[in-house]
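Student: Fold the following and give me the result.
(chains A and B)
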2 protein chains.
Amino acid sequence: MPHKLAFIGFGTVGQGLAEILRDKGDTLRHSLGFDAQIVAVSDLLKGAVYHPDGLDIARLLEVVQSADKLDDYPDSPGLERGWDSLKTIRQSNADSIVEVSYTDIQTGQPAIDHCRAAFESGKNVVMSNKGPVALAYAELSALAEENGVRWGFEGTVMSGTPALRMPLTSLAGNDISEARGIFNGTTNYILTKMEEGMSYDVALKQAQELGYAEADPTADVEGYDAQGKVVILANVIMNAPLTKEDVSCKGISHLTLDDIKRAKAEGKRWKLLARVKKEGDSVIAGVGPEMVPLTDPLAGIMGATNAITFECDLAGPITLVGAGAGRVETGFSILIDLINIERKNL
Amino acid sequence: MPHKLAFIGFGTVGQGLAEILRDKGDTLRHSLGFDAQIVAVSDLLKGAVYHPDGLDIARLLEVVQSADKLDDYPDSPGLERGWDSLKTIRQSNADSIVEVSYTDIQTGQPAIDHCRAAFESGKNVVMSNKGPVALAYAELSALAEENGVRWGFEGTVMSGTPALRMPLTSLAGNDISEARGIFNGTTNYILTKMEEGMSYDVALKQAQELGYAEADPTADVEGYDAQGKVVILANVIMNAPLTKEDVSCKGISHLTLDDIKRAKAEGKRWKLLARVKKEGDSVIAGVGPEMVPLTDPLAGIMGATNAITFECDLAGPITLVGAGAGRVETGFSILIDLINIERKNL
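Tutor: This is a model prediction of the structure:
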């Protein structure tokens, strides 16, 4: 039986995942017994198609990549058009909803409503959108559990690098007293360039040209992006119901080349570190630039790469290094959630 | 129902795991629903005790740590003494065998026979002993599968750092074209000290004094230890039936302080790297010292720490850094195998 998917949204991440399924579908079937089928795509701007027996993935991608619309997807008996996101979630025969609509980190909408509708309809949800996890983890994870379905969101922290699944599956049994890391590639890229002598403004401009930073870079450079990820780590890894308001936050926009030189002279390097830490019975968290000694594995993380260190009582400090963004990497983060739902693994 | 364990061997690793179960048993029960019970310990030199309703872990440790024998473990109705390893494996009511006897990397014995007996008796095996995995992976994994039981050996590569489970659970779906890493803490410690100006001989002596290196350091410094780990990675991660004979092997004992200086001058650092790599339809593997550019995450791994980089087609390069040895760390590696058997996860 194929694992039937409905895509809510069909932008970069959705198309990235669809490309992986198109290109590696046979391999995934043969090597892992994972057989995915896309039955629906519903995108606010691009339109919607649904067929209970499955859509042709190559054709979907051709159509959307030539016209940015789904209108030219060919008719066939049983094909439905124009279903909106909630109708698709509730009435399609999908096993899992791939929620890749868009991210509103202030409200988490419309993704939070999509999750509610999916769980209440007995469907799993997989996503890389931070909003619902950072803003509504307790409510939504309880709702998924009540309905006997699963909620995957590996990609919300460090994209396809398994910052959430690895501690839960491979480090279970440890008391993790602290997780600290570099979760924002844009700021790490800027700091790397500043160490090479570039000013903050020039480095930021270069990051924007490379597509690392948005036109409005506030969320990255002021630390809000990393703040959302710390909230997720606190909730998921430490079972601590922290919200954004509990996480102190300072960015890197005030750092000067003199600051960089001072760190270098002390055998250190500035990094925008995000930390979540157990202190007695409470859990505290914050984001801010720190001068990290060069002996710390996090000091060696250069460019847009991300990394996280887990302090474990049994396994010792364990560090994971990898990409924190990217079309294929984020597509993979959703794929691995689906694979592990299918094989009933965490 | 508790998960019943029989320990074959009760040296450093076995006692390390027993201490974890003594100290964290309640936490593991409450947080993970993992309820372990030791029903048997059988050690060639220390003696053997078995009780189908479970032994007192604290008492076991007290007795063995005061007299290095199990003879003083108190009598009780139903307690059996003197069962040898095979009788314990076949006739005890254990669900899982904790195989921590001793490592003979040449023959893999007696651990290979212990695995065979356990699988044929319908019992899982968990171990950190490289021998059986490096020498008999195909036979033993097939035998476990035929008998519907599990074989855990996370600790054979990088101890409790999840070098085997992480790619299988969290990176599934990727084509891993190469795994390369630093799998021997002794040699990495020696290379770190040589970079500080110490000669090879003095650094080796210091490693021996710290307990990193054996009195006969051959297995470490000539690369044989890393070679065994590469064989395991090739078989487990890449499904390639390589044996030791397929893995070229060169150690670090020929390196001089001049070599170290030369690397430094080129912006590089010597590391004893082990690699397993897909080339067309074949998989090639080798161990040898390499000059690694400082921009590579593996260049920053200092002292006795281990690390591995997986080159993934979807997730990109993912590096995992952590301890490669240690009493508690290795005890944890066996615990995590048991936890994941119990929760039916990989």
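Student: in chain A, which spans are strands?
Tutor: In chain A, strands defined by DSSP state E lie at A:3-8, A:36-43, A:47-50, A:80-81, A:96-99, A:124-127, A:151-152, A:176-182, A:247-249, A:268-279, A:282-293, A:306-312, A:316-322, listed in chain order.
Student: Quick check: mean pLDDT of the fourth one?
Tutor: Read it as strand A:80-81. Mean per-residue pLDDT for strand A:80-81: 98.
Student: list the helices and strands it packs on?
Tutor: Secondary-structure packing of strand A:80-81 (3 or more CB pairs under 8 Å, 6 or more residues apart in numbering or on different chains; DSSP states H and E): strand A:47-50. All C-beta atoms are positioned from the backbone trio N, CA, C, and that covers glycine.
Student: In the sheet, which strands lie alongside the strand it packs on, parallel or antiparallel?
Tutor: strand A:36-43 (antiparallel), strand A:80-81 (antiparallel) (DSSP bridges).
Student: For that strand, give me every contacting residue.
Tutor: A:6, A:39-42, A:55, A:60, A:69-71, A:73, A:79-84, A:88, A:92 (CB atoms under 8 Å, 6 or more residues apart in numbering or on different chains).
Student: Ok, stretch A:335-346 next?
Tutor: By CB under 8 Å, 6+ apart, stretch A:335-346 touches A:3, A:5, A:17, A:20-21, A:28, A:32-34, A:36, A:96, A:124, A:126, A:150, A:152-155, A:160, A:162, A:165, A:168-169, B:169-173, B:314, B:343-346.
Student: do that again at 7 Å, thanks
Tutor: A:3, A:17, A:20, A:32, A:34, A:36, A:96, A:124, A:126, A:150, A:152, A:154, A:160, A:165, A:168-169, B:169-170, B:172-173, B:345-346 (CB atoms under 7 Å, 6 or more residues apart in numbering or on different chains).
Student: Pull out the buried positions in that stretch.
Tutor: Buried residues in stretch A:335-346, counting neighbours by 16 or more other CB atoms under 10 Å in any protein chain shown, are found at A:Leu335, A:Ile336, A:Asp337, A:Leu338, A:Ile339, A:Asn340, A:Ile341, A:Glu342, A:Asn345, A:Leu346.
Student: will you turn these into TSV that also has pLDDT and distance to B:Ile252?
Tutor: Formatted as TSV, these follow (pLDDT from 0 to 100; distance: CB to CB, whole Å):
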residue	pLDDT	distance to B:Ile252
A:Leu335	98	40
A:Ile336	98	37
A:Asp337	98	42
A:Leu338	98	44
A:Ile339	97	39
A:Asn340	96	40
A:Ile341	96	45
A:Glu342	94	45
A:Asn345	88	39
A:Leu346	86	39
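Student: Sitting in helices, which of the residues you listed do you find?
Tutor: A:Leu335, A:Ile336, A:Asp337, A:Leu338, A:Ile339, A:Asn340, A:Ile341, A:Glu342 (DSSP state H).
Student: Closest one to B:Arg269 out of those, please.
Tutor: A:Ile336 (32.9 Å; CB to CB).
Student: Return the set of residues that bridge with the residue nearest to A:Asp95 when sequence neighbours are not counted.
Tutor: Once flanking residues are discounted, A:Asp95 sits nearest to A:Lys4: 4.8 Å by CB to CB, 6 or more residues apart in numbering or on different chains. Beta bridges link A:Lys4 to A:Gln37, judged by DSSP bridges.
Student: Wait, A:Lys4 touches A:Ile97, no?
Tutor: No - counting by CB atoms under 7 Å, A:Lys4 does not reach A:Ile97; the two are 10.3 Å apart.
Student: Compare those two and say which one has the larger neighbour count.
Tutor: A:Ile97 (29 against 20; other CB atoms under 10 Å in any protein chain shown).
Student: follow-up on the earlier one: please produce TSV containing the ones in helices among the buried residues of stretch A:335-346, extended by distance to B:Asp259.
Tutor: Below are those laid out as TSV (distance: CB to CB, whole Å):
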residue	distance to B:Asp259
A:Leu335	44
A:Ile336	42
A:Asp337	47
A:Leu338	49
A:Ile339	45
A:Asn340	45
A:Ile341	51
A:Glu342	50
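Student: Would you mind measuring the gap between the ends of stretch A:93-106?
Tutor: 31 Å (CA to CA, to the nearest Å).
Student: Which of the residues in it are classified as buried?
Tutor: Neighbour-count burial for stretch A:93-106 [16+ other CB under 10 Å]: A:Ala94, A:Asp95, A:Ser96, A:Ile97, A:Val98, A:Glu99, A:Val100, A:Ser101, A:Thr103, A:Ile105.
Student: contacting residues for A:Lys4?
Tutor: Contacts of A:Lys4 (CB under 7 Å, 6+ apart): A:Gln37, A:Val39, A:Asn93, A:Ala94, A:Asp95.
Student: between those residues, which is nearest chain B?
Tutor: A:Gln37 (16.1 Å; CB to the nearest CB).
Student: Could you measure from the closest one over to A:Glu279?
Tutor: Look at A:Gln37 and A:Glu279: by CB to CB, to the nearest Å, they are 48 Å apart.
Student: Just want to know which of these two has more residues nearby.
Tutor: Applying other CB under 10 Å to A:Gln37 and A:Glu279 shows that A:Gln37 carries more neighbours, namely 18 against 9.
Student: wait, doesn't that one sit right on A:Leu55?
Tutor: No - look at A:Gln37 against A:Leu55 with CB under 7 Å: they stay out of range, at 8.1 Å.
Student: Close to chain B: what parts of chain A are there?
Tutor: Chain A has residues A:20, A:28, A:32, A:160-162, A:165-166, A:169-174, A:295, A:297, A:300, A:302, A:314-323, A:328-329, A:332, A:335-336, A:339, A:345-346 near chain B, with proximity defined as CB under 7 Å from any CB of the partner chain.
Student: Please convert the buried members of those into PyMOL selection syntax.
Tutor: Only the buried members of the residues of chain A next to chain B end up in this PyMOL selection, burial being decided by 16+ other CB under 10 Å:
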select buried, chain A and resi 20+28+160+161+162+165+166+169+170+171+172+173+174+297+300+302+314+315+316+317+318+319+320+321+322+323+328+329+332+335+336+339+345+346
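Student: how far out from the middle of the chain is stretch A:321-331?
Tutor: 9 Å (CA atoms, centre = their mean, to the nearest Å).
Student: before we move on, what about stretch A:138-154?
Tutor: 16 Å.
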